[in-house]
Every structure is written in C-alpha cells, then in structure tokens.
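Engineer: Output the structure for:
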Amino acid sequence: MNKICCKSCKSYIYSQVKLDKFQCLPCKLKKTPSVLKCTACRKSDGIMIRANGEDWIHYNCMMALKDLLHMEREQNIFKDLC
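Structural biologist: Next up is the predicted model:
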C-alpha cells in the first residue's frame, strides 16, 4: 500500500495507486477541507471527494460504501483528482 498525501493540507490515505504529486479535490477547488462535512460519517478531516452537488464524502467512506453508491473504480477516481 502507498501513502498518498495532499501537498496542500497534508491529509492522506493509503491506496494501491502510487502518486508522487497529489492535491485533494477540496484543496484543488480552494475549499477549506476542515469546514466540509462527510455525508456518510459527518466528520470533517481527511481526503474527501464530491459526492453529489455540494455534498462531500471521505474517500475511505466512499470506498466502504462503493457497492451501494455504484461509484467508479479506485483508479478512475484518482485520475479525476490529479
């Protein structure tokens, strides 16, 4: 597993995907990650992606719920974030 760390906010996740330069979507969109709330767990820390409209979800929450949410595979999500 590779540790993937946002170069701006320093939040990280572990993944089989290897990325040298990564910026999480909230940082990329100039949103303060700490003020966003995950729609699944209601916490605000960690790597988040846009779930739907203005809703956000932690990457790890999404991976745990991916079968229910019919989300794309992990590699496609990272490709969209980079």
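Engineer: so Ser15 bridges to which residues?
Structural biologist: Beta-bridge partners for Ser15, by DSSP bridges, are Asn2.
Engineer: so how far is the first residue of stretch 33-44 from its last?
Structural biologist: Distance between the boundary residues of stretch 33-44 (C-alpha to C-alpha, to the nearest Å) amounts to 7 Å.
Engineer: Distance from the chain centre to that stretch, please.
Structural biologist: How far stretch 33-44 lies from its chain's middle: 11 Å, per C-alpha atoms, centre = their mean, to the nearest Å.
Engineer: And it, what's buried?
Structural biologist: 33, 36, 38-40 (16 or more other C-beta atoms under 10 Å). C-beta coordinates here come from the backbone N, C-alpha and C atoms, glycine included.
Engineer: And these, which is closest to Ser8?
Structural biologist: Nearest to Ser8 out of those is Pro33 (C-beta to C-beta; 8.6 Å).
Engineer: Please, which helix or strand holds the closest residue to the closest one other than its chain neighbours?
Structural biologist: Once flanking residues are discounted, Pro33 sits nearest to Pro26: 4.3 Å by C-beta to C-beta, 6 or more residues apart in numbering. Counting by DSSP states H and E, the element that carries Pro26 is helix 25-28.
Engineer: got it, and Trp56?
Structural biologist: strand 55-58.
Engineer: Could you pull out the buried residues of that strand?
Structural biologist: For strand 55-58, by 16+ other C-beta under 10 Å, it's 56-58.
Engineer: quick one: buried residues of the helix or strand following that strand?
Structural biologist: Later in the chain than strand 55-58, the nearest helix or strand by DSSP H and E is helix 59-69. For helix 59-69, burial by neighbour count (16+ other C-beta under 10 Å) applies to 59-63, 65.
Engineer: I'd like the distance between the spatially most central residue of the chain and Lys37.
Structural biologist: Nearest to the mean C-alpha position of the chain, by C-alpha atoms, centre = their mean, lies Met48 at 3.2 Å. According to C-beta to C-beta, to the nearest Å, Met48 and Lys37 sit 9 Å apart.
Engineer: re earlier: show me what the helix holding Pro26 packs onto, helices and strands only.
Structural biologist: For helix 25-28, the elements it packs on are strand 48-52, judged by 3 or more C-beta pairs under 8 Å, 6 or more residues apart in numbering; DSSP states H and E.
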